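K.L.:
I would like to see how this sequence folds:
(one chain, ligands or ions: 1)
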Amino acid sequence: MITCTIAGSDSGGGAGIQADLKTFQELRVFGTSVITALTAQNTEGVHGIFPTTADFVQAQLKAVLQDFDVKAIKTGMLFSAEIIEAIVTLLKNTDIPLIVDPVMIAKGGASLLEQQATTALKEKLLPLATVCTPNIPEAEILTGYKIQTEKDIASAAHDLLSLGLKCVVIKGGHLNSKHATDTVFIRGVQPFKMKTERVDTKHTHGTGCTFSAAITAEMAKGRSIEAAIIEAKKYVQLAIRHPLNIGHGFGPTNHFA
Ligand code: PLP
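P.N.:
Numbers count the residues shown, from 1 in each chain. This next block holds a predicted model:
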């Protein structure tokens, strides 16, 4: 099975393209990649960003789609409205399942999406997506809601589903509670929660990338959206529970787990 990630490179190997390809490999699918930006990065933070031109992002995606029978695509760090538009031009002519991780700000605070690109992400890319996996701050920016209660989570998900998505997973890792609870909204299915004990660790760099890459891998294998999300959660949980303890800062999730 062939997958594709459209995302940024993390020189530290914990997030972005590197996390996606490691996840694809572990989950036994072949990963292709379209690189939207290079980041000079380690476990202590993002030290620089060098974006790819929109034309060259398009050239990479065209090359991949022309040759490979790609079964599922994910997007991560997209950086600019121009890059989003370049991708949309190609993706709107395909019916390949698209998983959008609406990456905006790294845990260390670096901006991975220009502010003016949020509108393009919401209005142009999300209507093409099958699944979107925002964390709470991302869901707040995409919907304009302040999310504090279960009801806010449901309202935000409802707004995002109305863009044409089949599924929205609102990740609860940023909520201040004993459990990390993700809420899954699938069109036509009763919403459900995935609740896990919060793991006390600072080594969670790249968890969002890994989660959406795992959904992509499982969907490429033909699993239903629901089954893919449940498998992806298990994969991320294992990776968080067995930290590698490398680097001096916020270390990567562990794909050997
Ligand atoms: N760098 C790149 C290239 C990413 O795509 C991401 C997240 O999607 C990050 C960094 C941020 O990772 P985290 O917020 O998990 O530290």
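
K.L.:
wait, does the helix or strand where residue 208 lies contact the ligand?
P.N.:
Using DSSP states H and E, residue 208 sits within helix 207-220. Yes - counting by CB under 6 Å from any ligand atom, the ligand has neighbours in helix 207-220: 207-209. Every C-beta, even on glycine, is put in place using the N, C-alpha and C of the backbone.

K.L.:
Same check on stretch 23-42?
P.N.:
Yes - contact of stretch 23-42 with the ligand (CB under 6 Å from any ligand atom) involves 39, 41.

K.L.:
in that stretch, what counts as buried?
P.N.:
By 16 or more other CB atoms under 10 Å, the buried positions in stretch 23-42 come out as 23-24, 26-27, 29-39, 41-42.

K.L.:
what does stretch 76-95 give?
P.N.:
Those would be 76-88, 90-91, for stretch 76-95 by 16+ other CB under 10 Å.

K.L.:
Start and end of it, how far apart?
P.N.:
19 Å (CA to CA, to the nearest Å).

K.L.:
hmm, who's touching stretch 237-254?
P.N.:
12-15, 19, 42-45, 107-108, 196, 199, 201-207, 210, 236, 255-257 (CB atoms under 8 Å, 6 or more residues apart in numbering).

K.L.:
Thought residue 169 was touching residue 183, still the case?
P.N.:
Yes - contact criterion CB atoms under 8 Å: residue 183 and residue 169 qualify, at 7.3 Å.

K.L.:
Compare those two and say which is more crowded by neighbours.
P.N.:
It is residue 169, of residue 183 and residue 169, that has more neighbours when counted by other CB atoms under 10 Å, with 27 against 19.

K.L.:
From the ligand, how far out is the more buried one?
P.N.:
Using CB to the nearest ligand atom, to the nearest Å, one obtains 15 Å as the distance from residue 169 to the ligand.

K.L.:
That residue - nearest residue in space that isn't next to it in sequence?
P.N.:
In this structure, residue 169 finds its nearest non-sequential neighbour in residue 133, 4.7 Å apart by CB to CB, 6 or more residues apart in numbering.

K.L.:
okay, stretch 215-226 in CSV with CA atoms only?
P.N.:
What follows is stretch 215-226, C-alpha atoms only, in CSV (Å, rounded to 0.1, in the frame of the first residue of the first chain):
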residue,chain,number,x,y,z
ILE,A,215,-4.6,7.1,10.5
THR,A,216,-3.3,7.6,6.9
ALA,A,217,-1.4,4.3,7.0
GLU,A,218,-4.4,2.4,8.3
MET,A,219,-6.8,4.0,5.9
ALA,A,220,-4.4,3.1,3.0
LYS,A,221,-4.7,-0.5,4.1
GLY,A,222,-8.5,-0.2,3.6
ARG,A,223,-9.6,0.1,7.2
SER,A,224,-12.7,2.2,8.0
ILE,A,225,-12.1,5.7,9.3
GLU,A,226,-13.3,4.5,12.8
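
K.L.:
What residues sit buried inside that stretch?
P.N.:
Here stretch 215-226 shows 215-221, 223, 225 as buried, counting by 16+ other CB under 10 Å.

K.L.:
Name the residues that touch the helix or strand where residue 184 lies?
P.N.:
Here residue 184 sits within strand 179-186, counting by DSSP H and E. Residues from elsewhere that reach strand 179-186 (CB under 8 Å, 6+ apart): 150, 153-154, 157-158, 161, 166-173, 175, 191-199, 225-226, 229, 233.

K.L.:
If you tally nearby residues, what's the number for residue 158?
P.N.:
Counted with other CB under 10 Å, residue 158 comes out at 13.

K.L.:
Any buried residues in the helix or strand encompassing it, and which?
P.N.:
Remark: residue 158 resides in helix 150-161, with elements defined by DSSP H and E. Neighbour-count burial for helix 150-161 flags 152-153, 156-157, 159-161 (criterion: 16+ other CB under 10 Å).
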